[in-house]
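K.L.:
how would this look folded up:
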Amino acid sequence: MTFASPALDRGAGIALWRQIGAAIEAAIREGQHAPGQRLPTEAELSKAFRVNRHTIRRAMEELETRGIVRVEQGRGSFVAEDVLDYPLNARTRFSEIIRAQNREPAGRVLRLAEIPAEPRVAEMLEIRRGRLVILAERLAMADGRPVALGAHHFPAHRFPDIMTRLQENPSISHALAACGVPDFRRRITRITARMPTAEEAEVLQQSRSRPVLVAEAVNVDGSGKPVDATVTRYAAGRTQMVVES
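P.N.:
This next block holds a predicted model:
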């Protein structure tokens, strides 16, 4: 980003970081920088405005809070994109939702393991506490950008081959279909919000100062039996939940 006249009015009684934030916002609003475009580093902005990095950081924090820019740990600052609408209904499919908004979906399985069901997971799956479940931690992306980090739990006694299926194809729908469940529906979703852990912030490429939406969901087959208990953490700055009746 370049500024034709980055000079600040140091006698105006307006904090320098506010003036810097206004200048960056104006450049974005005027269309000089497209959504998703990377912005200059703190060092580059500090040199352009002739202020220290702390002043630049304060301006960027304010712009991030207002949703004008987003800050990704280890990558820098970017112009914020449009927020993704994520409908919640009986048939919630990530890939279909993303494609409907003219974006390209992708997924990557980060971890596969067979573990004892924790009390809450056992309750959601309607199985005995401590019974084995297959855990699949999956990162969902839109246009190459992380959107959600999901922890899926499948009853191991019913889906002994699902780990292999997910290794072949990271799609949850595809894996369940290969295991004899061609279709499933969402029975319930509970949504809360909290601040992310350091690991979640890193994987979702967002600041730890921005919250995540946590959706706890149960998916069932045609007979109403639970097939998947999921806890998904969404980057709140990039997604908004839409409840459909």
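
K.L.:
may I have the beta-bridge partners of the nearest residue to H33 once chain neighbours are set aside?
P.N.:
If the residues on either side of it in the chain are set aside, H33 comes closest to V79, at 5.1 Å by CB to CB, 6 or more residues apart in numbering. C-beta coordinates here come from the backbone N, C-alpha and C atoms, glycine included. Beta bridges link V79 to V69 when assigned by DSSP bridges.

K.L.:
V79 reaches A34, doesn't it?
P.N.:
Yes - in this structure, V79 is within contact of A34 by CB atoms under 8 Å, at 6.6 Å.

K.L.:
more neighbours: which of those two?
P.N.:
Shown here are V79 and A34; by other CB atoms under 10 Å, V79 has more neighbours (20 against 9).

K.L.:
what residues does that one make contact with?
P.N.:
Neighbouring residues of V79 by CB atoms under 8 Å, 6 or more residues apart in numbering: I28, H33, A34, P35, G36, Q37, L39, I68, V69.

K.L.:
measure the residue in the chain sticking out farthest from the centre to R18 for me?
P.N.:
The C-alpha centroid of the chain is most remote from G11, which lies 41.9 Å away (CA atoms, centre = their mean). Here G11 is placed at a distance of 14 Å from R18 (CB to CB, to the nearest Å).

K.L.:
same list (the contacts of V79) but as CSV, adding pLDDT and secondary structure.
P.N.:
Below are those laid out as CSV (pLDDT from 0 to 100; DSSP: H, G, I helix; E, B strand; the rest coil):
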residue, pLDDT, secondary structure
I28, 87, helix
H33, 81, coil
A34, 80, coil
P35, 79, coil
G36, 79, coil
Q37, 86, coil
L39, 91, coil
I68, 86, coil
V69, 89, strand
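
K.L.:
mind putting those in JSON lines, distance to L132 included?
P.N.:
Converted to JSON lines, the contacts of V79 look like this (distance: CB to CB, whole Å):
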{"residue": "I28", "distance to L132": "51"}
{"residue": "H33", "distance to L132": "50"}
{"residue": "A34", "distance to L132": "48"}
{"residue": "P35", "distance to L132": "44"}
{"residue": "G36", "distance to L132": "42"}
{"residue": "Q37", "distance to L132": "47"}
{"residue": "L39", "distance to L132": "47"}
{"residue": "I68", "distance to L132": "47"}
{"residue": "V69", "distance to L132": "45"}
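
K.L.:
below-threshold pLDDT in this structure: ranges please.
P.N.:
Within the chain, the segments meeting pLDDT under 70 span 1-6, 245.

K.L.:
what segments of it are strands?
P.N.:
Ranges of strands within the chain are 69-72, 76-79, 84-88, 105-116, 132-142, 145-155, 185-194, 212-220, 226-235, 239-243, based on DSSP state E.

K.L.:
can you redo those strands as TSV with distance to I97?
P.N.:
Converted to TSV, the strands of the chain look like this (distance: least, CB to CB, whole Å):
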stretch	distance to I97
strand 69-72	21
strand 76-79	23
strand 84-88	6
strand 105-116	8
strand 132-142	9
strand 145-155	10
strand 185-194	12
strand 212-220	13
strand 226-235	12
strand 239-243	10
